[in-house]
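Asker: no FASTA, just this:
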């Protein structure tokens, strides 16, 4: 915050040079441009989706109005993201713990870098991997689930023969957001004061008791914030889902069946290239809904993460 | 120091008093976990041979069996607290192992399938007149390079200046607002950025527009916040003494920034920008919407559709035509080139930050 308190103030007003004015002006301008861009994103999305918002119901694809069109998509988006976060949060926290508390010090950095590489891989490649590697390997699992746990609505089946189900999509998403969750948890775990940890160990705690008493309580808001940032990314993820999920509309909780609801982002990617007229506006309207949802999640996540700074007390 | 201190030693509730302190009970030897897991592996292998030869299943059996046996043995010999600790250790190690599975299998799978068509023809020809075998991605590679270069040209000045504003000039409300909005911008879904760029250009140039420059604008929306974030972190690291020394010599503020602050931070800035490029070069969704796809080579981003590697890979896989196998091979090779580009940029970023780091600082 106060890295550069102005050094020239005490001796009265400094001489304003034209170079200074130009440079300061353009720096400020760039900052303001960011505000403009963000406002522009919202404004253009609203303008372009207005025709769909005001159109009569039968002109919207599906013929039952905008809400009936978007509702299954929102459901699919939330379901896929929820699955991803359910898988990725415990796994991400465990990985962060492994790197900060279990792995040998020298190895830890390299391992952390390996996990970070998962972020770098483009989402379309995850889609390829999901279809050709993961999905076929999950088919036997789906059949087993249908046979033995079919009484639970989630696994009602009939099991998909291609493996391109909501379950698979959720797993692919989980892999994609894993690095985010683990990176943020890792950062917080590293900030746990050494004194807290050493105190716990000195009192005879085992490593797990030390983690439970000193590390996890301290890092709780980091875990929650990281999970929510991951959620934000999972909600907006497009191509991995568009490729992996075999879509046939409709709201269903059946995770391993052949009929899956699409997600907003995947639906846009699949439909947009072939759409014209009011269809485009409808898709942009659904994009606006996605924008609002991710915005809310991200703002909340930032708030949770930043709140930690206020009460962390250690610094 | 008013924060939560760890609870008093009485916390381990399940332990009976006095008797179960770690010191008073026998301990398993150090090699015990290894021995248990080795035995579990042998057992899983022997039993698994009869039922299924699947290697992945055998590994899973080994881990589960080993964990359970170790827990039971440790609980009997060392008591419940130690046993829980060992259980958690196993779980944490396996969690890390699980996370490595997708990374390794993905890199292996893409390399194996992609290497088939990674040849001169792929790099040097486009898809004009290709229906089956042959053809390449020259047009897509060039398109990706052009659009990424344009994106960098747009994003780096804006991002860098914003970071300079935040660190060197900013104060009060505006700084807070910009910091917050950059955070928000980081979370914009890539497809929404694409829709924004499409809506922007469609408003002026009519609906159905597809332009390379629109793709660059969409990618810039994604890249700017990344540049700002990383540049801000790096500029904050520049010691204040350097700035004050320059001011004391009567150097104007802007020259201090250009001649002192930026050169000091150049390694970090270079690495940050390279990573930001790596982040957007593989983006598919916004380009799918704004740039479209074409089979011919189009190098002019201000004129109609262009091909880009990710979108090329997407269409080759989803609309392979007949017979499909040639297009699918091309898709995998395109994916492989993408991964090579991204990983290469990551390595370059590491090298930049290593070799351009300021000498003898601190």
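Answerer: Done, it's in. Values in this document were obtained by computation on a predicted structure and should not be read as measured data.

Asker: same for the strand or helix carrying residue B:340, what does it pack against?
Answerer: Assigned by DSSP states H and E, residue B:340 belongs to helix B:324-355. Secondary-structure packing of helix B:324-355 (3 or more CB pairs under 8 Å, 6 or more residues apart in numbering or on different chains; DSSP states H and E): helix A:105-120, helix A:123-129, helix B:80-114, helix B:138-164, helix B:266-281, helix B:309-318. Heads up, the C-betas are built off the backbone N, CA and C, glycines and all.

Asker: which helices and strands sit right next to the third one?
Answerer: In this case it means helix B:80-114. helix A:66-97, helix A:105-120, helix A:123-129, helix A:166-190, helix A:207-210, helix B:55-78, helix B:324-355.

Asker: and that helix, which residues are buried?
Answerer: Across helix B:80-114, burial judged by 16 or more other CB atoms under 10 Å in any protein chain shown covers B:81-96, B:98-99, B:102-103, B:106-107, B:109-110, B:113-114.

Asker: Mind listing residues that contact the next helix or strand after it?
Answerer: The helix or strand immediately downstream of helix B:80-114 is helix B:120-124, counting by DSSP H and E. Where contact means CB atoms under 8 Å, 6 or more residues apart in numbering or on different chains, the residues beyond helix B:120-124 that reach it are B:134-138, B:141, B:330, B:333.

Asker: Give me the buried subset of those residues.
Answerer: B:135-138, B:141, B:330, B:333.

Asker: ok, so of those residues, who is nearest residue A:197?
Answerer: residue B:333 (48.9 Å; CB to CB).

Asker: is it true that that closest one touches residue B:118?
Answerer: Yes - look at residue B:333 against residue B:118 with CB atoms under 8 Å: they come within range, at 5.4 Å.

Asker: can you pull the contacts of the residue most central in space within chain B?
Answerer: When chain B is reduced to its mean C-alpha position, the nearest residue by CA atoms, centre = their mean turns out to be residue B:279, at 6.8 Å. Neighbouring residues of residue B:279 by CB under 8 Å, 6+ apart: A:120, B:222-223, B:226.

Asker: In helices, which of the residues you listed appear?
Answerer: A:120, B:222-223, B:226 (DSSP state H).

Asker: Most neighbours of all these, which one?
Answerer: The most crowded member of the ones in helices among the contacts of residue B:279, judged by other CB atoms under 10 Å in any protein chain shown, is residue B:223 (27 neighbours).

Asker: where exactly do the helices run in the stretch 201-315 of chain A?
Answerer: A:207-210, A:216-236, A:239-244, A:264-271, A:278-311 (DSSP state H, counting those that start in this stretch).

Asker: contacting residues for the closest residue to chain B within the stretch 1-150 of chain A?
Answerer: Relative to chain B, the nearest point of the stretch 1-150 of chain A is residue A:122 (2.5 Å; CB to the nearest CB). With contact taken as CB under 8 Å, 6+ apart, residue A:122 is in contact with B:281-284, B:310, B:335, B:338-339, B:342.

Asker: Kindly recompute the last result at 10 Å.
Answerer: A:128, A:239-240, B:278-284, B:309-310, B:313, B:335, B:338-339, B:341-342 (CB atoms under 10 Å, 6 or more residues apart in numbering or on different chains).

Asker: Likewise for residue B:272?
Answerer: B:156, B:159-160, B:163, B:226-234, B:265, B:349, B:352-353.

Asker: Repeat that for residue A:260.
Answerer: A:72, A:76, A:79-80, A:160, A:164-169, A:241, A:244-250, A:252, A:254.

Asker: how does it look with 8 Å?
Answerer: A:76, A:165-166, A:169, A:245-248, A:252.

Asker: Okay, now the unreliable bits of chain B?
Answerer: B:1-24, B:49, B:51-53, B:358-362 (pLDDT under 70).

Asker: actually the stretch 201-315 of chain A, not the one I typed
Answerer: Using pLDDT under 70, the stretch 201-315 of chain A drops low at A:249, A:307-315.

Asker: Show me what residue of it gets nearest to chain B.
Answerer: Closest point on the stretch 201-315 of chain A to chain B, by CB to the nearest CB, is residue A:236, at 2.3 Å.

Asker: Now do the same contact list for that residue.
Answerer: Counted by CB under 8 Å, 6+ apart, residue A:236 has contacts A:265, A:290, A:294, B:187-192.

Asker: Closest one to residue B:50 out of those residues, please.
Answerer: Distances from residue B:50 to the contacts of residue A:236, taken by CB to CB, are shortest for residue A:265, at 46.2 Å.

Asker: just checking, that closest one touches residue A:240?
Answerer: No - counting by CB under 8 Å, residue A:265 stays clear of residue A:240, with 9.8 Å between them.

Asker: What are the buried residues along stretch B:140-156?
Answerer: B:140-144, B:146-148, B:150-152, B:154-156.

Asker: Name the nearest of those relative to residue A:226.
Answerer: Relative to residue A:226, and with distances defined as CB to CB, the nearest of these is residue B:155, at 25.7 Å.

Asker: And the closest residue to that closest one other than its chain neighbours, how far from chain A?
Answerer: Closest residue in space to residue B:155, ignoring its immediate chain neighbours: residue B:223 at 4.1 Å, by CB to CB, 6 or more residues apart in numbering or on different chains. In this view, residue B:223 and chain A are 12 Å apart by CB to the nearest CB, to the nearest Å.
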